Each structure stands twice: as structure tokens, then as C-alpha cells.
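Participant: Predicted coordinates and the sequence they were generated for:
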Amino acid sequence: MFTRSKLAAIAFGACLAGAQEKAPEARSLWKIDFPKDSPVSVVSADWGESRTTARGSAMVLDLRTSLSLRNSGLRRIRGVTLQVLAQEVTPGGRASVSVPALHVAPGETFPVRIDLRLLRPLLVGGGPLVEVSLDGVLFDDLSFFGPNRLNSRRSMTAWELEARRDRRHFKSVLETEGEGALQQVMLESLARQAQRPRLDVQVLHGGRATNVPDGRPIQFAFLQLPGSPVEPLGGSALVAGNEARTPSLEVRNRSSRVVRYFEIGWLIQDAEGKEYLAGSVPVSDPNLRLRPGENWRALEAMTLRLASAPGRPLSIAGMTGFVSQVEFSDGTLWVPPRSALKDQRVARAVAPSPEEQRLLELYRKRGLSALVEEVKKF
Amino acid sequence: MRHPGEALLSLYAGGDLGWLERWRVQWHLGGCEDCRKEAEAFRASRRALLSGAGQTPAEVNWGRLAAEMRANIQVGLAAGQCVGGAKASPLVPGWRTAIALATVVVVTLAGVWLQRARPPVALAPPGEEAAAEGVVLEATTDGIQLREGSGVLALRYGDARDVTYTVSARGTLRARYVDQETGQVTISHVYAE
């Protein structure tokens, strides 16, 4: 009897042990893969707070790492994008973490924090769950290194152009009007951020909307920004309640250069007239070669679902578009000039550039003198 | 301010606290956004689990399980006779049978529990069919995530302020914020394309 009971207990214990997936070491869940000739190298990776938790028959993996990267090249780094893949969890799904507005000299190190949460079934094969690789590095001369699978070159170049535009603006304010005026500009920007309405978003890509069966077409109104190489001519989306579907847009190239990519910023008005920046409609057809004077019509199969707060769907009453980015066939980019932000609607709805956000944070944490010193650097 | 532990928050989210403890946790949540988010996360997990629980997996063959249980019991009894010899009193085999039966039942139930269908870990509002939606990109209380079936890939930004979301019609969701640890402007993306 003793022997049988013991055997039964051992068998049962073994079963239970199998039920509790071993909490693997965070290090074994990650794979960091940078090219050998990368101008950015990994100095260290801190896996400190990573943990795994069983929730019923699913496993929650909180993977947190702070990578310390070194600029091992010869040029200053302005931005970096890391690709994050978790193919076992979401086949085809990708993520990335970008750090723009950097000023990293050769030999200097800088941190990049990645805070991931994965929810997956308990019983999935072994091996690293997450693969982190370099998608691109942007240098101060706007040259680029990396596979660019996520089109990070275009994004980081646009952020850098916006950064230069905004630094010029702040420097000009400082030089012509003094520290008090710069402080006033910062305070106005902080006030705009505080008043900018919060929007919760959900994007359904490749599936169908489930909340509402039908929709009514709503036409876009357009803001004409000074100097825009592309002119929006018309557009609409199917709207039902808090869902906007299949936006379509028609534009004309009014520049003298061939356009291969452009983005239309998308503002949404609710029933109370409050305006939100919902997103953008990028046109990135690989075949797009929009010659001077030509028109282009774009249609995107997607559904955008909006809420002004969790659980409070936003009723879409109107839509406004504006050209927010244009890329020419030679790879150069156009971004709206600083004067476009004089339009109160754009200024209220659109977030500051990454560089302005960085300077605002600097001002908020370290005060005016630190800001002045920073603005004078470039 | 002393925060309630994970166990208390979990019990609170499940409605399993006594009235005094519930009141104390509720009072704390009224003034602590972090704990409120944590409690909401527990509640969402519970909803997701409940939506998939209680469904017996189609692949469970009860006839086969019953036959295995009977066979195991017979093996146990036969083994008991071999080990115990003929001296056993008439009461002992019944007791042994009960022990053996209980052990087999527990082991079998554990096996069924382990093999049951995994519930969809749906973070969407109740009633939404994840499968019909395909790939969903969404903002959550502390990050952005890609949801596809029962898999979720989320990038989190913790307690960052002034987070800006940008949606691209090509199937990208972006969150821009100042990382509170590094002080750097950081931009997270999830891609459905």
C-alpha cells in the first residue's frame, strides 16, 4: 500500500509539475541580432524586471530590458529603430521601438528600453520568443544604415527634418526676442498638450467591422498648408457611429518633381465639434510615381474605431485632412513648415514633433536655463 | 500611501473580498490610478478566462477516459493483491479501492484540465469576435498592442505622460511618449501588415 500510494503521489506530482510551465530565464526568451558591420553595438542588456505569470491556460510574459548601445561608427547618430519580432505569438505581427531626437557622438553610449508583454498559450515550442534586430540608424548628415524593413528611414528622416525646423524656430525666438519669449513659446506648447483631447484608437486591418453593418459616406474637408507639393482634391470614408472605414483620397501633384509617397493627416470631429488627430492615410503604393500635374486616387481597406476614453465611443461627425508628409522620387522629404502650426486647428490637434517634445520635457524638468543652453548647442 | 498587493487586487477584481476589505481596496483605487489599472487588468483577464471556461473540449472522449479509469483501478487492485497477499481483512480492499479510485480521478481530471481547449485571451470588449476582426491594433491603458486570435504582442510605456497615438491606414499603430526612465522621446509601433 505504501509503495502504491507513493507511486501515485509521485505520478500526480509529476502531472502537476508539467502543468506549471517553468518560468524561463528572461535571457533565454530574447535574441538580439545586430549586423556585424552595424555602426551601433550592444554594450549590455539588463533583463532585471522580466517575469512570467500563468493566467489560466495562457501565459503572460512581461519582458523588460534596457539595452545600452554604443555608437561605434564615425558619425553622430540622430535616431535608431529596433525591430521586435514575436512570430510564435502573432504570426506576421511585428513591432518596433524608435528613439528619435538623439545626439550621440561616436564612442558614446545611449539606452533603449523595450517593455514588452506577450500573451500566449502555455504549450508553445521552445526557443527565443522575441527577436530584436536593428532596422535602421539615421546619422546627422541624413545618411542611413540598416535593412529598412519597416521603412524607418523615411520616418526617422521626417522626424529629423521636423527637429531641425523646430530647433531653428526656437533658436530664432531666443535670438530675436530673448529668453522670456522662448519661455512663453514653451508654456503655450505645454498648454496645447494639456488641452489636446485624448483619443483611444483601434485599427482593424484585413478583417471586417463587427459593431455596425452599414455606414454613410462622409466627405473630407481639407486644410491647405503653405508650400505643400501635393494638393488634396477630395476624399471620403464610410462612417457609422465610432467607426470610419475604407478612406479614399484624391490628390494632385502640384510640384515640379515626381512624388513616390505622401501622407494625409486625418482629423476627426465629434458631435460636439471637438477635434482629434485620428491618424494618417499614407499612400505607399510601390508603383506610385506621381508626375508633376498628375492626379492619384488612393483607397485603403481598413477600419478605424475611436473612443474619447476607454468605453466611451466617439461619434464621428466630420473629417478634415491635410498633407503631412511628401517623399519625392529622389528620396528627399517635405514636411509642413513651422508656419503651418499657426493654423489653430492644426496646432490644437497635432502633437509636437519629437524634438519639441524633448525640449518641452527638458524645460519641465530642468528649467529655462537648461533649455536655453540646449537650444544654443545647435 | 500603502498599495494593496496583487493578491488583494486580484480578489477584488473577482468580487471575492469581504465587505470591509472590498471597501478599503475600493477607497484606495479611488485615488490610485496605477492600482486601478492593475485591478482592471485582473478583471479583463478574468473576463477572458470566463469566456473560454466551462466548455468541454470536443476532443475529450469520456468513454475512453472511463475505460482507462476502470482499467487503472483493476490494475491497482491486482497489484494490491500481489503485494498484500491473502491476509487482508475484507474492509481493507474497499479502502484501498477508494484511495486508488480517488487517485485515478484526480490524475485524470488534471489531465483533462491540461488538455482542455485554451480560452481566447480576448482583450476586446465583450461580444466582439476576434476571429472575425482579423488582426487588431489597439491602444490599451499602458501601451499599444497587436491582437490576433489568442496571441497578443504589446509594447508598454508604463506611466508615461502625454502619450500620442497615430494610426496609419496601412495598418500601423504608433505611440509617442517620453520614457520616464531614460528621459528620451520614444516611439513604439505595432504593425499588422
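Facilitator: Cool, the structure landed.

Participant: residues in contact with the closest residue to A:Ser72 other than its chain neighbours?
Facilitator: Spatial nearest neighbour of A:Ser72, chain neighbours left out: A:Ser41 (4.7 Å); criterion: Cβ to Cβ, 6 or more residues apart in numbering or on different chains. C-beta here means a position set from N, CA and C on the backbone, and glycine is covered the same way. Contacts here follow Cβ atoms under 8 Å, 6 or more residues apart in numbering or on different chains; on that basis A:Ser41 touches A:34, A:69-70, A:72.

Participant: Name the nearest residue to A:Leu267, sequence neighbours excluded.
Facilitator: A:Thr320 (4.2 Å).

Participant: ok, now how distant is the one you found from chain B?
Facilitator: Plainly put, A:Thr320 is 15 Å away from chain B if you go by Cβ to the nearest Cβ, to the nearest Å.

Participant: ok, A:Trp159 touching A:Ala101?
Facilitator: Yes. With contacts counted by Cβ atoms under 8 Å, A:Trp159 reaches A:Ala101, the gap being 7.0 Å.

Participant: Could you name every residue contacting both of the two?
Facilitator: Common contact partners of A:Trp159 and A:Ala101 (Cβ under 8 Å, 6+ apart): A:79, A:354-355.

Participant: which of these has the most neighbours?
Facilitator: Counting neighbours by other Cβ atoms under 10 Å in any protein chain shown, A:Pro354 leads these with 28 neighbours.

Participant: And the pLDDT at that residue?
Facilitator: With respect to pLDDT, A:Pro354 has a value of 92.

Participant: In contact with it, which residues are there?
Facilitator: A:Pro354 makes contact with A:100-101, A:159, A:162-163, B:176, B:185, B:187, according to Cβ under 8 Å, 6+ apart.

Participant: quick one: what helix or strand has the residue nearest to A:Leu267 in it?
Facilitator: Take DSSP states H and E as the rule and A:Thr320 turns out to sit in strand A:316-328.

Participant: mind listing what's buried in that strand?
Facilitator: A:316, A:318-328 (16 or more other Cβ atoms under 10 Å in any protein chain shown).

Participant: quick one on the thing from earlier: so among the contacts of A:Ser41, which ones count as buried?
Facilitator: For those, a burial check counting by 16+ other Cβ under 10 Å picks out A:34, A:69-70.

Participant: Is it possible to get JSON lines of these that adds secondary structure and distance to chain B?
Facilitator: Shown next, in JSON lines, are these (DSSP: H, G, I helix; E, B strand; the rest coil; distance: Cβ to the nearest Cβ, whole Å):
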{"residue": "A:Phe34", "secondary structure": "coil", "distance to chain B": "19"}
{"residue": "A:Leu69", "secondary structure": "strand", "distance to chain B": "11"}
{"residue": "A:Arg70", "secondary structure": "strand", "distance to chain B": "15"}
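
Participant: picking up where we left off before, so the residue nearest to A:Ser72: helix, strand or coil?
Facilitator: strand (DSSP: H, G, I helix; E, B strand; the rest coil).

Participant: Okay, and the beta partners of it?
Facilitator: Taking DSSP bridges as the rule, A:Ser41 bridges to A:Arg70.

Participant: Quick check, pLDDT for it.
Facilitator: For A:Ser41, the model assigns a pLDDT of 94.

Participant: what pLDDT, on average, does the longest helix along chain A get?
Facilitator: Secondary structure of chain A per DSSP state H: the longest helix is helix A:152-177. Taken as a whole, helix A:152-177 has a mean pLDDT of 95.

Participant: Give me the packing partners of it, helices and strands only.
Facilitator: Secondary-structure packing of helix A:152-177 (3 or more Cβ pairs under 8 Å, 6 or more residues apart in numbering or on different chains; DSSP states H and E): strand A:77-85, strand A:94-99, strand A:130-139, strand A:144-145, helix A:179-195, strand A:333-334, helix A:354-366, helix A:368-377.

Participant: Go again with 6 Å.
Facilitator: Under the contact criterion of 3 or more Cβ pairs under 6 Å, 6 or more residues apart in numbering or on different chains; DSSP states H and E, helix A:152-177 touches strand A:77-85, strand A:130-139, helix A:179-195, strand A:333-334, helix A:354-366, helix A:368-377.

Participant: tell me which residues form a beta bridge with the nearest residue to A:Trp296 once chain neighbours are set aside?
Facilitator: Leaving aside its chain neighbours, A:Trp296 sits nearest to A:Leu290 (5.1 Å; criterion: Cβ to Cβ, 6+ apart). On DSSP bridges, the residues paired with A:Leu290 through beta bridges are A:Val259.

Participant: Kindly report the same for A:Val239.
Facilitator: Residues in a beta bridge with A:Val239, per DSSP bridges, are A:Arg216, A:Ala244.

Participant: Contacts only, for the residue nearest to A:Trp296.
Facilitator: Residues in contact with A:Leu290 (Cβ atoms under 6 Å, 6 or more residues apart in numbering or on different chains) are A:253, A:259, A:296.

Participant: Quick one, which of the residues you listed has the minimum pLDDT?
Facilitator: Within those, lowest confidence goes to A:Trp296 (91).

Participant: circling back: just put the buried residues of strand A:316-328 in a markdown table and tack on pLDDT.
Facilitator: Conversion of these to a markdown table gives the following (pLDDT from 0 to 100):
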| residue | pLDDT |
| --- | --- |
| A:Ile316 | 90 |
| A:Gly318 | 92 |
| A:Met319 | 91 |
| A:Thr320 | 92 |
| A:Gly321 | 91 |
| A:Phe322 | 90 |
| A:Val323 | 92 |
| A:Ser324 | 90 |
| A:Gln325 | 92 |
| A:Val326 | 95 |
| A:Glu327 | 94 |
| A:Phe328 | 95 |
